[in-house]
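Got a sequence here, can you model it:
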Amino acid sequence: QVQLVESGGGFVQAGGSLRLSCAASGRTFSTYAMGWFRQAPEKEREWIAAITRSGSRTYYADSVKGRFTISRDNPKNMAYLQMNSLKPEDTAVYYCAAVYRSTDSVRTSQYEYDYWGQGTQVTVSS
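Prediction:
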């Protein structure tokens with residue numbers, strides 16, 4: 001069982017930055033790949049970034065590539081999403097999620113993730 005709690009959301013002007021944090025409970029954090037998703041009003045939940053359980057590889061959706069950076073600190077049971085050059089279209093509720101992996105790989109479909117945080121709101125003004 002893994003519990004996830006996001007923090008770090010807020011209100012920022014376009015071009016600004018935010019760093020989201022995801023705190024995980026449990027002693028098996030390093031066996032889970034981590035992903036970040038977001039959901040804007042009246043839109044489907046969208047995968048935006050993922051990191052392997054070791055942290056050695058990261059993957060990004062085209063919409064955030066070059067602007068967002070996913071990372072993790074396994075000894076601290078933490079995952080992060082650094083968001084730079086934010087745009088109004090980045091406004092959404094952001095979720096971290098965990099998926100058990102027996103290999104150092106990731107998943108990008110929300111339906112494959114085992115555990116989810118409650119979400120944190122990010123609002124970017126123009």
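
show me the contacts for the spatially most central residue of the chain.
Taking CA atoms, centre = their mean, the centroid of the chain lies closest to residue 36, which sits 2.3 Å from it. By CB atoms under 8 Å, 6 or more residues apart in numbering, the contact list for residue 36 reads 20, 22, 47-50, 68, 70, 79, 81, 94-97. For glycine as for every other residue, the C-beta is placed from the backbone atoms N, C-alpha and C.

residue ranges of the helices in the protein, please?
Using DSSP state H, no helices are found in the chain.

ok, which stretches of it are strands?
Under the criterion DSSP state E, the chain contains strands at 4-7, 10-13, 18-24, 32-39, 46-51, 58-60, 68-73, 78-83, 92-100, 115-116, 120-125.

so can I have CSV of those strands showing mean pLDDT and distance to residue 108?
Shown next, in CSV, are the strands of the chain (pLDDT from 0 to 100; distance: least, CB to CB, whole Å):
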stretch, mean pLDDT, distance to residue 108
strand 4-7, 97, 18
strand 10-13, 98, 26
strand 18-24, 98, 17
strand 32-39, 98, 7
strand 46-51, 98, 5
strand 58-60, 98, 7
strand 68-73, 98, 12
strand 78-83, 98, 15
strand 92-100, 97, 10
strand 115-116, 97, 15
strand 120-125, 98, 20
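
So which of those strands is the most surrounded?
strand 32-39 (a mean of 25; mean count of other CB atoms under 10 Å).

Take stretch 41-49, keep the C-alpha atoms, and write them as PDB.
What follows is stretch 41-49, C-alpha atoms only, in PDB (Å, rounded to 0.1, in the frame of the first residue of the first chain):
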ATOM      1  CA  PRO A  41     -11.700  21.600 -16.300                       C
ATOM      2  CA  GLU A  42     -13.900  19.600 -18.700                       C
ATOM      3  CA  LYS A  43     -10.900  17.800 -20.100                       C
ATOM      4  CA  GLU A  44      -9.600  14.300 -19.800                       C
ATOM      5  CA  ARG A  45      -6.800  13.500 -17.400                       C
ATOM      6  CA  GLU A  46      -3.500  13.800 -19.200                       C
ATOM      7  CA  TRP A  47      -0.200  12.100 -18.600                       C
ATOM      8  CA  ILE A  48       2.700  14.600 -18.600                       C
ATOM      9  CA  ALA A  49       5.800  12.900 -17.100                       C
END
